[in-house]
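>>> Sequence and predicted structure, then a few things I'm wondering about:
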Amino acid sequence: MKIDKNSNVKKMAMIFPDFEGLPLKYRASIAPLGLTTLAANTPENYEIEFFDGRLETIPEDLDVDIAVISAMTPQAKNAYDLADGFLEKNIRVVLGGAHPSLLPDEAIEHADAVVVGEAEGIWEGLLADLEMGKSERFYICEHKPDLTGLPRPRYDILNDDNYLPIRSIQITRGCPLNCEYCAVPKNFGKKYRIRSIEEVVADLEALPPNVYFVDDNILLKKRNFSELFRLMSTMDKEWTGMAPLSIAADKEYVKLIKQSGCWSIYVDIGPSVSFGLKKEITSYSGMVERSLEYIKTLQDSGIKVMGSFIFGFDYDDESIFDNTLEFLEKSKVVEPEFLILTPYPKTPLFDKLEAKGRIFDRNWSHYNTTHAVFVPEKMTPERLEEGVNYLWEEFYGRMNYVEERLGANGDVESIHKKLLSSIPNLFRDRTHALVVEGISEMAGKKDVKQITEDELIRLWLKNPPAIKRIVAGIINDLGYGHYLEE
Ligand code: B12
Ligand code: SF4
């Protein structure tokens, strides 16, 4: 370790590596929470510099003592390449996060130490061991940490210019359910741990108004969450989070969620609906009706439904794609995401497909939900990818969607100009309104409508990288990415 023995100050790089295949590009503009949480647990004598590889190039000549890298599976290859480069320069490397926790034996080939699972209670000891040159290879989170008294994430290490004005916060860890494609129970345990609501409220009070609850399922522990939402009703927060669609079965809960400031919920619509969408399975068609009803309940209460549709289950055949479009038409879900089922290592799904010899692609960079890495039961991998691409194009590329968003009249010649000049219309919903807030702030205007077309174009041309990336992401989302290349 290149530590100056005379100085107690050490330099640490924290890195969230790049990965491909985030079709809704603006999501990269939400800052990751794992490393800011780790930073909060890092002793003060470490000077931390944070890099988000999705948004910036990691300098090759980083002058640091230790590199700390977090990786989900699709980031693993980039994480390992970076790690190898650091090791060559005699910089100490620690790997952690979802993928190294699932496959520590693979990760240790590229690191001095690997943290398996949560870092609280392990991290400071690991750093001390590294400093003394006697670190272990694996640091395993044997006892899941109590979530009381956790330090606040160190959002100050983030470059705010890179991100939407929204802060992530976590209230729960673990999950007692067992969805076959999910890595959460394996990494965080089956016990659902929840923080003290008092502490969460205190954290929220210290945060700006827009918040993202990264919790996987805000339907579990409804009593605790109800208490939180009641307290939030007086707090002037606007938040988004994730839940199963059945959250809408309880209309009182939906009302409370809305009152607490919820403007959108990301729901997993895929498995039940796609099963029900098979017309011949009439006994399941009730699921589709119920899902439509739940979506409507949320929408009627003013909550935007962001739907995740996963394709490639054994019962999915090629009819699923058009059936999904029909479902979208009926349900008016405004921001669907079309994902390919992906067998993340150590999940029940991986084991099942592996046992049948159906996994044919082990390039982790492809494990990003845009590639078929296994042989589906009722179509070829190619048809699965084509079907999902078709949905992205059909839904986001179709003219009436653009018209709806832009108020444009299909005049393709001037669409590029229109895209720029109509940005305020484009951002009609709340997600996009967040972007607008960022833009108006940079333009020094309170209300985005005060920004003239000229100013907007000037901003675009001179732009700070954040604006360009965010706007380009949205233009791509709308299926007009090729205009940006001209
Ligand atoms: C928010 C989130 C996102 C965000 C931001 C990513 C991020 N990591 O912040 C976004 C939207 C970008 C995202 C994208 C994806 N995600 Co995601 N995401 C999550 C979620 C819900 C919460 C992550 C979080 O903020 N946790 C809170 C922090 C505090 O926890 P943490 O990051 O794990 O960090 C702790 C420890 O792991 C450790 N730690 C973390 N890194 C490091 C590094 C070192 C060196 C050390 C020592 C310790 C350490 O310290 C922290 C404190 O203990 C998790 C589920 C979960 N419960 O973890 C899934 C999860 C991480 N995502 C997952 C996946 C697969 C994806 C996708 C790749 C695919 C998908 N599901 O769509 C996509 C990208 C593609 C796409 N289509 O968009 C999987 C990962 C599985 C895997 N094997 O990689 C998870 C576990 C969900 C699941 N159901 O399995 N995701
Ligand atoms: S997908 Fe959500 S509900 Fe299912 S096991 Fe994972 S965290 Fe739990």
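In hand now; what should we look at? Numbers count the residues shown, from 1 in each chain. Ligands and ions are numbered 1, 2, ... in the order given.
>>> any idea which element Gly387 lies in?
Taking DSSP states H and E as the definition, Gly387 sits inside helix 381-397.
>>> Wait, Asn41 touches Gly149, no?
No - if you go by CB atoms under 8 Å, Asn41 and Gly149 don't touch, sitting 11.8 Å apart. C-beta here means a position set from N, CA and C on the backbone, and glycine is covered the same way.
>>> Which of the two has more residues huddled nearby?
Asn41 (17 against 9; other CB atoms under 10 Å).
>>> Show the backbone phi and psi for Met12.
Phi and psi for Met12, reported as degrees, to the nearest 10, are phi -130, psi 130.
>>> is it in a bridge, and if so with what?
Ile48, Ile66 (DSSP bridges).
>>> The nearest residue to Leu207 once chain neighbours are set aside: what's it in contact with?
Nearest residue to Leu207 in three dimensions, chain neighbours excluded: Arg167, at 4.9 Å (CB to CB, 6 or more residues apart in numbering). Each residue near Arg167 by CB atoms under 8 Å, 6 or more residues apart in numbering is listed here: Ala31, Tyr155, Leu207, Pro208, Asn210, Val211, Tyr212.
>>> I'd like to know how many residues surround whatever residue of the stretch 301-450 of the chain ends up closest to ligand 1.
For the stretch 301-450 of the chain and ligand 1, the shortest gap (CB to the nearest ligand atom) falls at Tyr344, measuring 3.8 Å. Per other CB under 10 Å, the neighbour tally for Tyr344 reads 20.
>>> Can you verify it is assigned to a helix?
No - under DSSP: H, G, I helix; E, B strand; the rest coil, Tyr344 sits outside any helix and is assigned coil.
>>> tell me the pLDDT at the nearest residue to Asp18 once chain neighbours are set aside?
Leaving aside its sequence neighbours, Asp18 sits nearest to Gly53 (CB to CB, 6+ apart; 3.8 Å). Listed pLDDT for Gly53 reads 94.
>>> check contacts around Gly53.
Ile15, Phe16, Pro17, Asp18, Gln75, Asn78, Leu82.
>>> if we go to 10 Å?
By CB atoms under 10 Å, 6 or more residues apart in numbering, the contact list for Gly53 reads Ile15, Phe16, Pro17, Asp18, Phe19, Ile69, Gln75, Asn78, Ala79, Leu82.
>>> Name the nearest residue to the residue in the stretch 151-300 of the chain positioned nearest to ligand 1, sequence neighbours excluded.
Nearest residue of the stretch 151-300 of the chain to ligand 1: Ala183, at 3.5 Å (CB to the nearest ligand atom). Sequence neighbours aside, Tyr344 is the residue nearest to Ala183 in space, at 4.9 Å (criterion: CB to CB, 6+ apart).
>>> Pull up the gap between the one you found and Phe313, please.
15 Å (CB to CB, to the nearest Å).
>>> pretty sure Phe321 is touching Glu386, no?
Yes - judged on CB atoms under 10 Å, Phe321 makes contact with Glu386 at a distance of 8.8 Å.
>>> Show me which of these two is the more surrounded one.
Neighbours of Phe321 and Glu386, each counted by other CB under 10 Å, are more numerous for Phe321; the result is 25 against 15.
>>> Tell me which helix or strand that one sits in.
Counting by DSSP H and E, Phe321 is part of helix 319-331.
>>> which element is Met306 on?
strand 304-311.
>>> Name the strands paired with that strand and say parallel or antiparallel.
By DSSP bridges, strand 304-311 pairs with strand 262-268 (parallel), strand 337-340 (parallel).
>>> ranking those strands by mean pLDDT, which is last?
Looking at those, the weakest mean confidence is strand 262-268, a mean of 89.
>>> My read is that the residue of the stretch 301-450 of the chain closest to ligand 1 contacts Ser101, right?
No - counting by CB under 10 Å, Ser101 is not a contact partner of Tyr344; they are 11.3 Å apart.
>>> which neighbours do those two share?
With CB under 10 Å, 6+ apart as the test, Tyr344 and Ser101 both reach Ala183, Lys186.
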